[in-house]
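A.B. asks: need a structure here:
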Amino acid sequence: MAWQRGEPRVCAMTVPPSPSEEDRRRISRERAKLLQERVRHTNRIRGLLFGQGITNYNPLHKNRRKNLEQLRTGDGRSVPAHLKSAILREIDRLELVLRQIGEVETERDEMLQLAQPSSPAALLMRLKGIGAEFATVLYLEGLFRRFENRRQLAAYA
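C.D. replies: Residues are numbered from 1 along each chain as shown. Next comes the predicted model:
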């Protein structure tokens, strides 16, 4: 009602993103969720092994299954069978997440390649120190909007 009365300082209208813009943003958001899930699985595996006195195992290493077989507990025993099977199931979930992260990153890279050379994402990629993920997030989450003045930009930031 304040907007209709012509009181711009009381409230401001914003233009919501279109369905296609919102759909494009889903790629970077899904990658962020998958990274959180990868950290959860990695921490779970490390926590299970830490309870047995094992601190030098990296679940993200390519030879994760072979390295698990060679592990010894703090008192020199091999990893208990049930614990090993639980860790292997957790590794299965971790590998699924790693594969999905790769798929999402491939989809993101294809989207960046299809972007025109003058698009903000392509221009950001030319800057030193800005990679594909940061350029995509910056473009899709902030730079796709139109700002009328610098106050709107500052309020958004």
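
A.B. asks: Mind checking what secondary structure Arg25 has?
C.D. replies: helix (DSSP: H, G, I helix; E, B strand; the rest coil).

A.B. asks: And it, how close does it get to Ile87?
C.D. replies: Note on Arg25: its distance to Ile87, by CB to CB, to the nearest Å, is 35 Å. In short, each C-beta sits where N, CA and C put it, glycine included.

A.B. asks: Same drill for these two, tell me which one is more crowded.
C.D. replies: Between Arg25 and Ile87, counting by other CB atoms under 10 Å, Ile87 is the more crowded of the two (23 against 17).

A.B. asks: List the contacts of that one.
C.D. replies: Taking CB atoms under 8 Å, 6 or more residues apart in numbering, we find Ile87 in contact with 45, 48-49, 68, 79.

A.B. asks: Can you pull up the most central residue in this structure?
C.D. replies: Ala32 (2.1 Å; CA atoms, centre = their mean).

A.B. asks: Surely it is in a strand?
C.D. replies: No - Ala32: not assigned to a strand; according to three-state DSSP it is helix.

A.B. asks: before we move on, back to that, can you tell me which of the contacts of Ile87 are in helices?
C.D. replies: Using DSSP state H, 45, 48-49, 68 are the members of these that sit in helices.

A.B. asks: Most neighbours of all the residues you listed, which one?
C.D. replies: Ranked by neighbours (other CB under 10 Å), those are led by Ile45, which has 23 neighbours.

A.B. asks: Tally up the residues packed near the closest residue to Ala157 other than its chain neighbours, please.
C.D. replies: Nearest residue to Ala157, sequence neighbours excluded (CB to CB, 6 or more residues apart in numbering): Gly142, at 7.6 Å. Applying other CB under 10 Å, we find 13 residues neighbouring Gly142.

A.B. asks: again, but for Leu83
C.D. replies: 14.

A.B. asks: can you offset everything so residue one is 5?
C.D. replies: Sure thing, new numbering starts at 5, so read that last one as Leu87.

A.B. asks: For the residue nearest to it when sequence neighbours are not counted, give its distance to Ile95.
C.D. replies: Of all residues not flanking Leu87 in the chain, Leu52 sits nearest, at 6.3 Å (CB to CB, 6+ apart). For Leu52, the distance to Ile95 equals 11 Å [CB to CB].

A.B. asks: coming back round to it: tell me the confidence at the residue nearest to the centre of the chain?
C.D. replies: Ala36 carries a pLDDT value of 92.
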